[in-house]
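In: Take this sequence and fold it.
(one chain, ligands or ions: 1)
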Amino acid sequence: MSELDALYQELILEHYKHPRNKVTLEGSFITHENPSCGDSLRLKIEWEGPARIKRILFDGHGCAISTASASIMTELLSGKTLEEALEICRKAIAFLRGDSEGSTDPEDAEELGDLQALEGVRQFPLRVKCATLPWHGVEKELKSRF
Ligand code: ZN
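Out: Below is the predicted model:
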């Protein structure tokens, strides 16, 4: 294992063991699921004004990859405008899937912060579904706000 892989591994585990913005959500929320792994999560988007995200909370259960990705997602999108958040979602999903668009620009990668630690999932299609679950979920909920 290279030094970078080890660092990434550690970052993923850190987010898995101490997920940011993970709470117990009471009430009715949309459940986002990845049946191929058993990951399940619910999101609560708190708004500050009509178009700025104050913070995002999540609840649910899943593997290390989906949990770490959800934790990172809540950190990256909190405080962003709706428009900025949708742009980050697009880049994050492209990055995790390894689409050439969005994944090669170093500035984009920088913007994705800790999410870069999940780059390795690209080689494993089933794991890509774990990593993109929180992103597809939040994207869907953000778009439904229009
Ligand atoms: Zn999973």
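In: Thr67 and Pro35, how far apart?
Out: Distance of Thr67 to Pro35, computed by Cβ to Cβ, to the nearest Å: 17 Å. No exception for glycine: its C-beta is placed from N, CA and C like everyone else's.
In: In terms of neighbours, single out the busier of these two.
Out: Taking other Cβ atoms under 10 Å, Thr67 and Pro35 do not tie; Thr67 has more neighbours (24 against 8).
In: now that one, nearest residue through space, not along the chain?
Out: Spatial nearest neighbour of Thr67, chain neighbours left out: Tyr16 (5.0 Å); criterion: Cβ to Cβ, 6 or more residues apart in numbering.
In: quick one: what helix or strand has that neighbour in it?
Out: Using DSSP states H and E, Tyr16 maps to helix 3-17.
In: moving C-terminal of that helix, what's the next helix or strand?
Out: For helix 3-17, the following helix or strand on the C-terminal side (DSSP H and E) is strand 31-34.
In: partners of the helix or strand just after that next one in the sheet?
Out: Note on strand 31-34: by DSSP H and E, the next helix or strand toward the C-terminus is strand 39-48. Applying DSSP bridges to the sheet, strand 39-48 is found paired with strand 31-34 (antiparallel), strand 52-61 (antiparallel).
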